[in-house]
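[1] next comes the sequence, and after it the predicted model I'd like to discuss.
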Amino acid sequence: MSEIREIELIFLLLLLFIIVFGLLARRLGTPYPIVMVVGGLLLGFVPGIPGITLNPDLVFLVVLPPLLYAAAWKTSWRDFKYNLVTIFLLAFGLVGFTVAAVALVAPSILQGFDWRLGLVLGAVVAPTDAIAATAIARRVGLPSRIVDILEGESLINDASGLLTLQFATAIVVHNRLPTLSSGILTFAWLIGGGIGLGLLVGWLVYFIERRINDGPIEIALSLLTPYAANLVAQEVQASGVLAVVACGLFLSRRSVIFFSPSVRIQAWSVWESLEFLLNGLVFVLIGLQLRSIRASIREYDLSTLLLNGAIFSVVLILIRLVWVFPGAGVSWLMRTRLLQQNERRPIARQVFVIGWTGMRGVVSLAAALALPSLLMDGSPFPQRNLIVFLAFFIICVTLILQGVTLPPLIRGLRLAAAQGPSCEELEARRIAIEAAIAYLQEARERDSKESAAIYEDLTRHYYKRLPRLQGGGEYHKDGAERERYLGLSLEALRIERGTAIRLRDEGRINDEVLRRIERELDLNESQIDRVG
């Protein structure tokens with residue numbers, strides 16, 4: 001009973017810290033991941049705060065699947081597909097380059113490391129966390145193309161980093177290199193199996209969703225989906241990360257079909273709150289790990305640890321910068337020559353910003369903590385505690401240093417654009433409204449003259465471009481006419497929705513624009529439903 005009370009107390013304290021730090025971040029105008037990590041670090045020095053050790057299983061099995069699923073859900077497939085070459089060069093090419101570079105330089109800067117431990121360390125710190133980077137980028141108006149690339153990279157490189165870590169750990173634990181054929185087959189199954197099973201789970205959920213229309217049940221199913229995709233993939237030794245991402249991208253494209261407006265409004269509210277809580281939880285927990293990590297490395301001199309951490313952090317930042325400039329050139333050549341994309345040559349300052357946004361997050365720390373304690377011969381895993389400390393150090397340095405300096409860097413390089421209306425969105429709204437007006441005009445010609453006033457009132461609202469129909473507007477003489485008015489209003493909104501979906505499917509708008517239009521239409525439709 002006392003253990004349950006202690007867990008309850010810790011849970012309540014964490015929720016309190018998340019709320020307080022979230023409010024503080026809003027007041028300071030600073031991305032909440034930075035405030036929460038710093039707050040967690042400071043809390044670790046407060047007497048009486050219970051020591052909380054981050055369980056890697058909590059991250060990989062409980063926290064990571066819904067966060068990846070939410071990120072995939074909000075990703076525009078059109079933009080993801082358009083930037084696929086650049087994203088893959090970062091998510092796979094840069095991860096491989098990072099692992100190889102760390103394996104090469106680690107023995108010379110870290111005492112007791114060889115190339116095998118360098119591989120492990122490189123795989124641990126290779127994945128980036130774009131939450132803080134994209135939060136800052138959107139606030140200061142960084143071009144959406146850069147934000148799309150950063151979000152796409154963070155979706156995929158968790159999988160590539162963890163796959164590489166699996167091979168690197170096996171080399172150390174078993175003290176032998178895998179054969180080339182077995183390595184290729186395993187890698188292909190991890191990627192192909194993960195994507196295939198994720199799509200299969202997504203199709204099954206889509207099949208079920210098409211046959212139900214109940215908010216609580218559908219939201220519960222959406223919460224279950226990422227865990228199901230992750231579990232199914234891991235049961236057959238495929239990549240759970242890629243399964244969740246593939247499932248999220250698949251269902252996001254089809255959510256306009258199976259979610260009703262009321263369910264979509266409820267689902268967005270639930271998922272936004274859940275995403276904030278989970279992100280807040282992991283960033284506060286990162287800061288709170290300082291006490292336990294320091295206790296595990298008492299045999300090391302503190303000044304030596306800090307020096308090694310600082311040197312390694314600089315090396316890791318330089319590795320990313322060294323890769324992104326030639327990588328951007330290769331990506332541009334492949335996209336223009338092979339894919340025939342009308343893409344301008346990348347600008348050096350934009351490439352530098354992409355290189356500077358290599359912030360690490362909870363995946364790196366969880367990967368380090370998940371390293372085995374013993375080798376196959378029963379001896380301790382060499383330098384395990386130091387690897388955990390270095391992962392923790394690089395997370396704090398990149399989140400705080402790069403996170404704080406990113407806004408002035410973007411402004412200094414004159415990459416910040418003034419926030420204004422999206423031309424793509426305005427054009428989509430204009431086309432949708434014109435389609436609704438055309439429908440009303442055609443329906444008026446087919447209908448009786450007694451209904452002319454209803455059509456005139458509705459058409460006038462559309463010509464004024466009112467964002468919401470005010471539940472029957474000015475025209476409601478009696479119950480029958482009022483019902484007729486509301487019915488036509490709903491049908492006009494559905495015409496707008498269908499037009500927006502068609503524009504998305506034709507590639508004229510991306511998924512993010514469609515979601516913004518949908519939200520407005522959902523609110524309008526739910527308001528009319530309530531009035532009716």
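    Received, thanks.

[2] so which residue is smack in the middle of this structure?
    A71 (2.9 Å; Cα atoms, centre = their mean).

[3] nearest residue to that one other than its sequence neighbours?
    L155 (5.8 Å; Cβ to Cβ, 6 or more residues apart in numbering). Every residue, glycine included, has its C-beta placed from N, CA and C.

[4] contacts only, for that neighbour.
    Shown in contact with L155 (Cβ atoms under 8 Å, 6 or more residues apart in numbering): 68, 71-72, 75, 80, 91, 245.

[5] possible to save those residues as JSON lines with distance to A267?
    Converted to JSON lines, those look like this (distance: Cβ to Cβ, whole Å):
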{"residue": "L68", "distance to A267": "17"}
{"residue": "A71", "distance to A267": "16"}
{"residue": "A72", "distance to A267": "15"}
{"residue": "T75", "distance to A267": "17"}
{"residue": "F80", "distance to A267": "21"}
{"residue": "A91", "distance to A267": "28"}
{"residue": "V245", "distance to A267": "19"}
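
[6] can you tell me which of these is nearest F258?
    A72 (16.7 Å; Cβ to Cβ).

[7] okay but that closest one is in contact with V245, surely?
    Yes: between A72 and V245 a contact is recorded at 4.7 Å, counting by Cβ atoms under 8 Å.

[8] quick one, which of the two is more surrounded?
    For A72 versus V245, neighbours defined as other Cβ atoms under 10 Å are more numerous around V245 (27 against 24).

[9] what residues sit buried inside the one helix or strand that one maps to?
    Assigned by DSSP states H and E, V245 belongs to helix 240-258. Counting neighbours by 16 or more other Cβ atoms under 10 Å, one finds that the buried residues in helix 240-258 are 240-253, 255-256, 258.

[10] cool, and stretch 295-312?
    Neighbour-count burial for stretch 295-312, with 16+ other Cβ under 10 Å as criterion, is recorded at 305, 308-309, 312.

[11] for F276, state which of the residues you listed is nearest.
    For these, the nearest to F276 is G309 (29.7 Å; Cβ to Cβ).

[12] gap between that closest one and L406?
    Distance, G309 to L406, using Cβ to Cβ, to the nearest Å: 21 Å.

[13] next one: R519
    R519 sits 28 Å away from L406, going by Cβ to Cβ.

[14] the two - which one has more neighbours?
    Between R519 and L406, counting by other Cβ under 10 Å, L406 is the more crowded of the two (24 against 14).

[15] close enough to count as contact, that one and T357?
    Yes: if you go by Cβ under 8 Å, L406 and T357 touch, sitting 6.7 Å apart.

[16] pLDDT below threshold where in the protein?
    Scanning the chain for pLDDT under 70 picks out 1-3, 130, 132-141, 417-422, 450, 463-482, 484, 486, 529-532.

[17] which strand or helix spans the nearest residue to I131 once chain neighbours are set aside?
    Closest residue to I131 apart from its sequence neighbours, by Cβ to Cβ, 6+ apart: P33 at 5.5 Å. Assigning secondary structure by DSSP H and E places P33 in helix 32-43.

[18] just the buried positions in that helix, please.
    32-41, 43.

[19] same question for stretch 79-98.
    In stretch 79-98, counting by 16+ other Cβ under 10 Å, buried: 79-80, 82-98.
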